[in-house]
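> Next one to model:
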Amino acid sequence: MPWIVLLIAGLCEVVWATSMKQSAGFTRFWPGLISIVTMILSGFLLSWSMKTLPLGTAYTVWTGIGAVGAFLVGIIWLGEELSPGRLGAALLILTGIGLMKFAT
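Have a look, this model is predicted:
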């Protein structure tokens, strides 16, 4: 169960980062509100998962999900550039997440 909660926390991080971008510096109400709510929810779920999971593992996986998720949203939804270097970096992050999961 803590891994599922951590996954949801990571997905919430992707939502808050994306909505923060869409809020244009918190000048747009709804994207700004979504960003704040999902930011709080993400932090709460991360802290809940840390009741069972080690700090280093939970935090690394949470940030990795957020980083790779935001990377994918940027490419797929926002039309950001997909370069070999960025793709390689995302693959390294995914590899690190996998290693953290299996090492715990």
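> Show me the shaky parts of this protein.
Within the chain, no stretch has pLDDT under 70.
> so what's the residue most central in space within it up against?
With distances taken as CA atoms, centre = their mean, the residue of the chain nearest its centroid is residue 66 (1.5 Å). Listed by CB atoms under 8 Å, 6 or more residues apart in numbering, the contact set of residue 66 reads 10, 13-14, 17. (Each C-beta comes from the backbone N, C-alpha and C, glycine too.)
> give me that answer again for 6 Å
10, 13-14 (CB atoms under 6 Å, 6 or more residues apart in numbering).
> Likewise for residue 16?
Contacts of residue 16 (CB under 6 Å, 6+ apart): 35, 38-39.
> roughly how far apart are the residue in the chain sticking out farthest from the centre and residue 82?
In the chain, the residue that sits farthest from the middle, by CA atoms, centre = their mean, is residue 27; the gap is 22.7 Å. Applying CB to CB, to the nearest Å, the value for residue 27 to residue 82 is 29 Å.
> thinking again about what came up before, quick check on the residue farthest from the centre of the chain: phi, psi?
phi -100, psi -10 (degrees, to the nearest 10).
> Residue 15: neighbour count?
Using other CB atoms under 10 Å, residue 15 has 20 other residues around it.
> Now for it: which residues touch it?
Residue 15 touches residue 38, counting by CB under 6 Å, 6+ apart.
> quick one: it and residue 85, what's the gap?
Taken as CB to CB, the span from residue 15 to residue 85 is 26 Å.
> same check, this time on residue 63
Distance from residue 63 to residue 85, by CB to CB: 20 Å.
> What of residue 25?
In terms of CB to CB, residue 25 sits 28 Å off from residue 85.
> try residue 53
Relative to residue 85, residue 53 is positioned 31 Å away (CB to CB).
> So these two - more neighbours on which side?
Using other CB under 10 Å as the criterion, residue 53 and residue 85 rank with residue 53 on top: 21 against 8.
> Name the nearest residue to residue 10, sequence neighbours excluded.
In space, residue 10 comes closest to residue 65 once its chain neighbours are excluded; the distance is 2.7 Å by CB to CB, 6 or more residues apart in numbering.
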